[in-house]
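In: I'll drop the sequence and a predicted model, then ask my questions.
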Amino acid sequence: MDFLASIGRVVIGFFTATGRLTLFTVVSVSHCFRPPIYYRLIGRQLLDIGYYSLPVVGLTAIFIGMVLALQLHTGFNRITGGESAIAQVVVLGMTRELGPVIAGLMVAGRIGAAIAAEVGTMRVTDQIDALSTLSTNPYKYLVVPRIVAGLVALPVLVLVADIIGVFGGFLVASYKFGFNPSSYLQNTADFLRADDVVSGLIKSSVFGFLIALMGCYHGYQSRGGAQGVGAATTHAVVSASVLILMFDYILSALLFSS
Amino acid sequence: MNAAPKIAVRGLKKSFGNKVVLDGVDLDVGVGESVVVIGGSGTGKSVTIKCIMGLMEPDSGSIKIDGEEVTGLPRSAREKLMQKFGMLFQGSALFDSLRVWQNVAFGLIQGRGMDAAEAKDVAIKTLGAVGLGPEVGELWPAELSGGMQKRVALARAIAAKPEIIIFDEPTTGLDPIMGDVINDLIVKCVRDLGATALSITHDMASAHKIADRIAMIHKGKIIWQGAAQTIDKSGNPYVDQFIHGRADGPIQMEIRAL
């Protein structure tokens, strides 16, 4: 019977957590559409999530673009005429897949953790309760600005990452492997379609939402001092990263099904 | 006291899992009265005020503010009701991302839509009332000592001139002199505002100073209440043990042998 009890405990725990998260998501999203909206807080979060993430996202993107070109060059050597496809594969890989996913994962580490730690500390030091006693809805004041900023900032970051990533590939191809720079760029531009970029941006918007949501949710639920906040931070980053990869597949399947 | 009580609590019950924390609390606080609830750690003091403030839903029982039932109040009505309240948190719970004056003005700006310049004047004035100069307003909460943080938290609680002020262990963690300063400030502020006050504490010096009436809570029930002057002659063995701080008596800490 102990065995059954432990299965039951796990199942109940799973459904409790799922229910709690669903409720949190519904309440948070519904508050996005009801006044008052704190525009200044959204602005500050945009700065935090978007602007200050530029260096780390840019650095990752350039190296990803470079290594992509490097790997493709050595890999495509085995196929006759394969080399000429490097420009196309780099731009397709960056815009559709690597730009959104890499930027998403980097921001999950940077911002998801920061949100969870900040909201979690506010929870364990009663600051969230204090908001309520001052007639301010904590969802509107804390959660909504972060979610809206995540939704908006990630696509912009990814657009920058796409450009820098393609540039990284261009650098390696033209300077290391002696491709003709202008024809490399021509190949890239001719091959790229708007929907490649747009689908990546849609994905990244979803990723931004997930990162902010996980940070807020785990922070909001954190209990028990420094240890609780630490656990919340870990959970926020891990769950956001896993969800990003999961939704990456689901969204790719939906967006590119035709 | 013939007028309806400001706060009327009846049969308040709350359990966490199998642990019964509140087991039918009955408590009245009259208009303009200052009631202090005393009791040991883990006897349900904090849970009682959290239920009154709507930060926690009780399992059963009734809480009436100005004769109106407030348990299960929807969020928007609760936000409105909170304008009657001010609360001083045990750990001060100042917003560390905001300057001191912004903390004090928070309820005025966010809760009541006062414009920032006007709210700042009120905040500086309120800081003056708790003995802090205008220069403190420009500091960050982290730059203040514990006693100063407590005073800022007090200023924040009274800035919007609430009808009811809740004090959660106002002197815990302060040295005896600073504790007395806070007690004096509480007495002065409550008197100046003509507010109703409900405090919880286990500091008898504080209770003597700020209470009109004292109630003792033990194992989730109010076991004694009476005028503050009469507590020394209560004839209740639980109360006697508590106010004299004796380890032996009817209240037993469960200590297991090593």
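Out: Perfect, I can see it now. None of the values given here were measured: they were computed from a predicted structure.

In: can I get stretch A:212-225 in PDB? Just the C-alpha atoms.
Out: Listed in PDB are the C-alpha atoms of stretch A:212-225, where the atom choice follows Å, rounded to 0.1, in the frame of the first residue of the first chain:
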ATOM      1  CA  ALA A 212       8.700  36.000 -17.600                       C
ATOM      2  CA  LEU A 213       5.800  33.700 -16.600                       C
ATOM      3  CA  MET A 214       8.100  31.100 -15.100                       C
ATOM      4  CA  GLY A 215      10.200  33.700 -13.300                       C
ATOM      5  CA  CYS A 216       7.100  35.300 -11.800                       C
ATOM      6  CA  TYR A 217       5.300  32.100 -11.000                       C
ATOM      7  CA  HIS A 218       8.200  30.500  -9.100                       C
ATOM      8  CA  GLY A 219       9.100  33.700  -7.400                       C
ATOM      9  CA  TYR A 220       5.500  34.200  -6.400                       C
ATOM     10  CA  GLN A 221       5.200  30.700  -4.900                       C
ATOM     11  CA  SER A 222       8.500  30.800  -3.100                       C
ATOM     12  CA  ARG A 223       8.500  30.000   0.600                       C
ATOM     13  CA  GLY A 224      11.000  29.900   3.400                       C
ATOM     14  CA  GLY A 225      13.700  32.500   3.200                       C
END
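
In: and the end-to-end length of stretch A:37-57?
Out: Using Cα to Cα, to the nearest Å, one end of stretch A:37-57 lies 29 Å from the other.

In: may I see the buried residues of that stretch?
Out: Buried residues in stretch A:37-57, defined by neighbour count with 16 or more other Cβ atoms under 10 Å in any protein chain shown: A:38, A:41-42, A:45-46, A:48-50, A:53, A:57. All C-beta atoms are positioned from the backbone trio N, CA, C, and that covers glycine.

In: count the neighbours of the closest residue to chain B within chain A for me.
Out: Nearest to chain B, among the residues of chain A, is A:Ser135, at 3.3 Å (Cβ to the nearest Cβ). Look at A:Ser135: counted by other Cβ atoms under 10 Å in any protein chain shown, it has 20 neighbours.

In: and the gap between it and B:Asn103?
Out: A:Ser135 sits 15 Å away from B:Asn103, taking Cβ to Cβ, to the nearest Å as the criterion.

In: burial measure for A:Glu97, as a count.
Out: Residues lying near A:Glu97 (other Cβ under 10 Å) number 16.

In: at the geometric centre of the chain, which residue sits there?
Out: Since you didn't name a chain, this refers to chain A. Centroid-nearest residue in chain A: A:Gly104, 2.6 Å away (criterion: Cα atoms, centre = their mean).

In: look at chain B instead
Out: Central residue of chain B (Cα atoms, centre = their mean): B:Phe167, 1.9 Å from the mean position.

In: wait, the residue nearest to the centre of chain A touches A:Leu154, no?
Out: Yes. Counting by Cβ atoms under 8 Å, A:Gly104 touches A:Leu154, with 6.9 Å between them.

In: which residues are common contacts for those two?
Out: By Cβ atoms under 8 Å, 6 or more residues apart in numbering or on different chains, A:Gly104 and A:Leu154 have these common neighbours: A:204, A:207-208, A:211.

In: from these, which is closest to A:Thr16?
Out: Minimum distance to A:Thr16 across the shared contacts of A:Gly104 and A:Leu154 is 23.3 Å, recorded for A:Ile211 (Cβ to Cβ).

In: quick one, what contacts the closest one?
Out: With contacts defined as Cβ under 8 Å, 6+ apart, A:Ile211 is in contact with A:104, A:107-108, A:111-112, A:115, A:150, A:154, A:240, A:244.

In: for residue 232, which non-adjacent residue is spatially closest?
Out: Defaulting to chain A. With sequence-adjacent residues excluded and distances taken as Cβ to Cβ, 6 or more residues apart in numbering or on different chains, A:Ala232 is closest to A:Ser222, at 3.7 Å.

In: try chain B instead
Out: Here the nearest residue to B:Asp232 in space, its sequence neighbours aside, is B:Ile243; by Cβ to Cβ, 6+ apart that works out to 7.1 Å.
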